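Asker: The sequence and its predicted three-dimensional model are supplied below.
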2 protein chains.
Amino acid sequence: MNAPEKLDQLLAVTRAPLPASAKGAIAGSRPDIRVPVRDVRLTNGRTASLYDTSGPYTDPQADIDVRRGLGSVRAPWIAERGDTECYEGRLAHIGDDGGKQGGQGAERIAQLRADAAGLQRQPRRARAGANHTGNVTQMHYARRGIVTPEMEYVALRENGRLEWTRELLGDARREARRRGNPLGATIPDVITPEFVRGEVAKGRAIIPANINHPEIEPMIIGRNFRVKINANIGNSAVTSSIEEEVEKLVWSIRWGADTVMDLSTGKNIHTTRDWIVRNSPVPIGTVPIYQALEKVGGVAEDLTWDIFRDTLIEQAEQGVDYFTIHAGVRLPFIHLTAERVTGIVSRGGSIMAKWCIAHHQESFLYTHFEDICDIMKAYDVSFSLGDGLRPGCAADANDEAQFAELRTLGELTQVAWKHDVQTMIEGPGHVPMHMIQANMTEQLKHCHEAPFYTLGPLTIDIAPGYDHIASAIGAAMIGWMGTAMLCYVTPKEHLGLPDRDDVKQGIIAYKIAAHAADVAKGHPAARARDDAISHARFEFRWEDQFNLGLDPDTAREFHDETLPKDSSKTAHFCSMCGPKFCSMKITQEVREFAAAKGLSEADALRAGMMEKSKEFAAQGGEFYIPITKI
Amino acid sequence: MNAPEKLDQLLAVTRAPLPASAKGAIAGSRPDIRVPVRDVRLTNGRTASLYDTSGPYTDPQADIDVRRGLGSVRAPWIAERGDTECYEGRLAHIGDDGGKQGGQGAERIAQLRADAAGLQRQPRRARAGANHTGNVTQMHYARRGIVTPEMEYVALRENGRLEWTRELLGDARREARRRGNPLGATIPDVITPEFVRGEVAKGRAIIPANINHPEIEPMIIGRNFRVKINANIGNSAVTSSIEEEVEKLVWSIRWGADTVMDLSTGKNIHTTRDWIVRNSPVPIGTVPIYQALEKVGGVAEDLTWDIFRDTLIEQAEQGVDYFTIHAGVRLPFIHLTAERVTGIVSRGGSIMAKWCIAHHQESFLYTHFEDICDIMKAYDVSFSLGDGLRPGCAADANDEAQFAELRTLGELTQVAWKHDVQTMIEGPGHVPMHMIQANMTEQLKHCHEAPFYTLGPLTIDIAPGYDHIASAIGAAMIGWMGTAMLCYVTPKEHLGLPDRDDVKQGIIAYKIAAHAADVAKGHPAARARDDAISHARFEFRWEDQFNLGLDPDTAREFHDETLPKDSSKTAHFCSMCGPKFCSMKITQEVREFAAAKGLSEADALRAGMMEKSKEFAAQGGEFYIPITKI
């Protein structure tokens, strides 16, 4: 079986729509703006409408062939702006797929390329003017007052179906309590395209959207929008294959990943990326230094600006939407890590530290930062300024190395903004709860409100095997405080490469953290889903409880372990308490009792008019007998 | 196979010591005070010493027979106080094991009683004086200035092995950063018996320790001590057996449960409790109204004070250490729940609400509260004042029903303290992140710093199947803010009764939350374990990383999925990044490079003296070739 066939098999599993769900669309101002939502049919006849990251994969109508890639949502929008040109692009090199001077046989590489032939696109870049590099970033448009289709798209996407949330949250009495504490965020009741434009223009939000990735369904990352999550996939030298990685992509977005980073470091790194980008409806991020290092056979000190630059262009042409660039790992900061318990724990950071020390030179990422900006703006690749000096344990949290780098990232943000390049800032790592707020405060202060994109943070170090939980605590807190995107952590963190189930566990933990943050911030669309599931819970609509949850399959499976029958899906109890002890059942009985008397329960109770009814009468008698008498 | 044999088989699995661990003891001021610790042998020749809740079960030397029960740690302490007396005790009734008027056959009950014959103890109670009920509570002693052996025991237990933590945390430079933000807690560097006495006297901490449960290894619950966790077990009408419940007890304390609540509601409720209490080295809590309701055949309105009182005495004689009593569910508060989305979600709360409405009378738990205190103080049973009106969803959080009850619990706390009865207060439930602080603030204010014991809180409602995570976020936060004990939530919450693996998942999630809170509060003994594991991580001591973690088995299993060989347990990389991209390896190389030159890395870097070495020299050459040329 060759690779694409194996992939088709893998994908078949993950293409089924989620239970009781249909792909819906919110129509925009023009026919080609159709924002996907997941419409969930409830058993009470209503429909709940949820944010949907899964792309066309969960649409049974969609004709998908992973050998050709997805359709191009954005192609007309990019074309009609008239500021880009197709060109021949960079030549493919044997080193692009890892291994110096042909570490793999030419035959194997030829086969890989042939398999991926249907995925090739001619690259596009900004048309340069007479005296300047072209600029096609969303920030560039925003600053010139242009509302792009991408901006309208994300506005509609953030709101979701307003009618649904309004129906559910219309009760004014609860409104006051429902609205969160935004801690400085300024989220309007309804997100307009103009609001999006303003946020992108100010640099407070980014829309990662490379012009060579027209397949994406645009999304936005910023403090005044829903908190997003990123899932990492990618092969390593030790394990995994292209097929598995593409399937992990589809699997990740099924459970809610808003962006996916391809962190491949092994062989076939270029070709894996072709497969991933062409089949991804969500923005793809990479750490280009990983591929650059493969090109120099893994020897950090052999890296050069030219090799790195060539890698940026290679990946920009493929359509990568954001690059992690560790330009804040500067020579003078490295000694600050010398007394740390775990030193430098970022792969990119340690590679650059080694380079700086070997050459005793300032990092070429820092010295060539404006050259990098020139590339970014020609394709609209966004910066994710990497935190190469993030702490790797609680003992190293919030130290001078970390904050010196953060301040540098703030400097670089202003350089990037000079070029209208969209920019977000990466953050830690390992931070105990009481030190989290300082991270957010310093980031807002030094990085001028550019979106923060944090890994966790992990609040403790003693939970290997459960670091998705240890970090979801920190992620929820920092998300509430203002972080725009949370990079997930899987149960395998610190132990090994995540498999398919680990990816799902990590994503669900981070959807929990992101949603907890949205609710706490008072995002107007967030709480509707909680209230819908709570109503279902009180009304014993078990199917709706499952289907409105983050993972309907697992919820159903857990319920059915003890009560598998269909009849128990409408039963007024579950196996937790059984029928006699079901508090919700008892509460309903109380309410029914009041209603039967033609009174509202509240009135009845308030007026003290509730009488002891016959059905409530004591049955009396000797109902227990000393055991000695039997 | 009869029940005890099946139980022996089940227990065999869980009696093995955790990997590389041995039962150690901290010696107290008298030979019979020996506080257990888990000593973990590290591969670098050192020993880490951890708080140990697992009791004698993990001691291979201990001779344990579940038919006889555990040895009596506290028997001499209780006896020598000379203020108690043995007495015949209450007669056993057929209704004690559930089912009105012998729902089960007399034969079955006789068999159950015979199996549990070796577990029977003659009950003990406070000796009454001429004009007063006797009082044997730890609070009573504390207020008279007496430091009991129990108080010394918990002081030693809280500190752990001071020499170990001091060795690890001696570095003054990190001290400032390590110390947390106690948010009003006042935790001394070393806990003394006198400090414990003071906290118990003030009511800020409790030592749940029924004089009829001499088997426990005492522990303390209070804001100025380690945050504790509780695990719930218990059969329900729908599922599970005595054997499974006893095994779940042993399993729970193996993973770190500090107390266990037996929430059985099904048949054999009395006998199950005999098995659990006699075999438990941790305090056992119950909700007596559950058994009382069984005695009246599940008809809430048939409950009476006499039946409830009889049930309290029955359970106090068996040795239950704390009772959840929903005395704050008062008649005038019930109407406040009428407009809630999920009404009353506490089982005990809904039972009492139904009783109050049916009789249109004030709750007998409230009107008889001082009578209850008289029972509590005669056995030293602690109050866990139940939050019967806790919110069951985000929409109902922090409403008037909840806070009206909380204020009542504060009133009752002062009544309990008048009788020197130890008291803690139960708390929610479902609370979004931004509303958590108010819960803690109100509790501290209205309940006079009595320990807070919260269930979660769950921060969102949309994660059925993962509510251990959704609630661990809230639990960690409220633990940091001052909650003394966290009641765990398992993945099965809202869906079904937890099995063995669910119990473990819930406990680990809550150990994470509790430890995150301890670190944030700056508990002096907490961070040592994090630092020990971080050192192991940096030094690639894989075995130590596993063994210092909360769940060594899972950590090892995850690591071995991709790198199963023994040699990879000392390998300087893992499957996550592989050897080339291992940041810790690269950092170490940088440090070794500096050391080889006879310089400390920091000095070398600071002085700018790091030279470009031969081994770091660029290898040059054309290392990548256009693919078109191959």
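Answerer: Received it, and whenever you're ready, just let me know what you need.

Asker: dump the residue contacts of the nearest residue to residue A:539 once chain neighbours are set aside.
Answerer: Excluding its sequence neighbours, the residue lying closest to residue A:539 (CB to CB, 6 or more residues apart in numbering or on different chains) is residue A:44, at 7.4 Å. From N, CA and C alone the C-beta is placed, and that goes for glycine too. With contact set as CB atoms under 8 Å, 6 or more residues apart in numbering or on different chains, residue A:44 has these partners: A:539, A:541, A:544.

Asker: repeat for residue A:137
Answerer: Contacts of residue A:137 by CB under 8 Å, 6+ apart are A:376-377, A:380, A:382, A:420-422.

Asker: How about residue A:374?
Answerer: Taking CB under 8 Å, 6+ apart as the test, what residue A:374 contacts is A:133, A:419.

Asker: Provide the secondary structure category for it.
Answerer: Using DSSP: H, G, I helix; E, B strand; the rest coil, the structure places residue A:374 in helix.

Asker: Double-check residue A:11 against residue A:66; I have them as touching.
Answerer: Yes. Under the criterion of CB atoms under 8 Å, residue A:11 makes contact with residue A:66 at 6.5 Å.

Asker: Identify the contacts common to these two.
Answerer: With CB under 8 Å, 6+ apart, residue A:11 and residue A:66 have common neighbours residue A:246.

Asker: which helix is the longest one in chain A?
Answerer: helix A:500-521 (DSSP state H).

Asker: got the buried residues for that helix?
Answerer: Buried residues in helix A:500-521, counted by 16 or more other CB atoms under 10 Å in any protein chain shown: A:502-521.

Asker: So for chain A, the centremost residue is which one?
Answerer: residue A:229 (2.2 Å; CA atoms, centre = their mean).

Asker: Quick check: PyMOL command selecting the buried ones in the contacts of residue A:44.
Answerer: Isolation of the buried members of the contacts of residue A:44 (16+ other CB under 10 Å) is achieved in PyMOL through the command below:
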select buried, chain A and resi 539+541+544
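
Asker: Make a markdown table out of the contacts of residue A:44 and add secondary structure and pLDDT.
Answerer: Shown next, in a markdown table, are the contacts of residue A:44 (DSSP: H, G, I helix; E, B strand; the rest coil; pLDDT from 0 to 100):
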| residue | secondary structure | pLDDT |
| --- | --- | --- |
| A:539 | coil | 92 |
| A:541 | coil | 94 |
| A:544 | helix | 97 |
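
Asker: Return the closest of the contacts of residue A:44 with respect to chain B.
Answerer: Distance to chain B across these (CB to the nearest CB) is lowest for residue A:539, with 9.7 Å.

Asker: Wasn't residue A:384 part of a helix?
Answerer: No. Going by three-state DSSP, the assignment for residue A:384 is strand, not a helix.

Asker: can you pull the pLDDT of the residue nearest to the centre of chain A?
Answerer: pLDDT, residue A:229: 98.

Asker: who's in contact with it?
Answerer: A:256-258, A:485-488, A:507, A:510-511, A:513-514.

Asker: For it, give the beta-bridge partners.
Answerer: For residue A:229, the beta-bridge partners under DSSP bridges are residue A:486.

Asker: mind checking how far the residue of the stretch 51-200 of chain A found nearest chain B is from residue A:293?
Answerer: In the stretch 51-200 of chain A, the residue that lies nearest chain B is residue A:95 (3.1 Å; CB to the nearest CB). From residue A:95 over to residue A:293 the distance is 11 Å, taken as CB to CB, to the nearest Å.

Asker: What of residue A:518?
Answerer: Counting by CB to CB, the gap from residue A:518 to residue A:293 is 37 Å.

Asker: Backbone torsions only: list them for residue A:386.
Answerer: Residue A:386 has phi and psi values of phi -70, psi 150 when expressed as degrees, to the nearest 10.

Asker: That one - nearest residue in space that isn't next to it in sequence?
Answerer: Going by CB to CB, 6+ apart, residue A:386 has residue A:326 as its nearest residue, at 3.9 Å.

Asker: For residue A:50, give me the backbone phi and psi.
Answerer: Torsion angles at residue A:50 (phi, psi; degrees, to the nearest 10) stand at phi -120, psi 150.

Asker: repeat for residue A:329
Answerer: Torsion angles, degrees, to the nearest 10, at residue A:329: phi -80, psi 90.

Asker: number of nearby residues for it?
Answerer: For residue A:329, the neighbour count with other CB atoms under 10 Å in any protein chain shown is 29.

Asker: now residue A:496
Answerer: Residue A:496 has 23 neighbours, counted by other CB under 10 Å.

Asker: What pLDDT does the model give it?
Answerer: Residue A:496 is given a pLDDT of 88.

Asker: For residue A:475, what is the enclosing helix or strand?
Answerer: Per DSSP states H and E, residue A:475 falls inside helix A:467-481.

Asker: any bit of that helix sitting next to chain B?
Answerer: Yes. With CB under 8 Å from any CB of the partner chain as the measure, helix A:467-481 is seen reaching chain B through A:468-470, A:472-473, A:476-477, A:480.

Asker: first to last residue in stretch A:267-286, what's the distance?
Answerer: 15 Å (CA to CA, to the nearest Å).

Asker: ugh, typo on my part, it should be stretch A:92-112
Answerer: 13 Å.

Asker: what does stretch A:386-406 give?
Answerer: 9 Å.

Asker: Kindly report the same for stretch A:25-32.
Answerer: Stretch A:25-32: ends 11 Å apart by CA to CA.

Asker: and that stretch, how far from the chain's centre?
Answerer: Computed by CA atoms, centre = their mean, to the nearest Å, the chain-centroid distance of stretch A:25-32 equals 24 Å.

Asker: Quick check: which element contains residue A:49?
Answerer: strand A:47-51.

Asker: That strand and chain B, are they touching?
Answerer: No. On the criterion CB under 8 Å from any CB, strand A:47-51 is out of touch with chain B, staying 9.5 Å away.

Asker: Name the residues that touch that strand?
Answerer: A:24, A:37-42, A:157, A:160-161, A:164, A:226, A:525, A:528-529, A:532, A:548.

Asker: and whichever strand or helix holds residue A:402, what does it pack onto?
Answerer: Assigned by DSSP H and E, residue A:402 falls within helix A:400-418. In terms of contacts (3 or more CB pairs under 8 Å, 6 or more residues apart in numbering or on different chains; DSSP states H and E), helix A:400-418 is packed against helix A:331-334, helix A:369-379, strand A:382-385, strand A:423-427, helix A:436-446.

Asker: orientation of that helix relative to strand A:423-427 in degrees?
Answerer: Here helix A:400-418 points in a direction 170 degrees away from that of strand A:423-427 (axes from the mean of the first three to the mean of the last three CA atoms, to 10 degrees).

Asker: quick check: angle from helix A:400-418 to helix A:369-379?
Answerer: 50 degrees.
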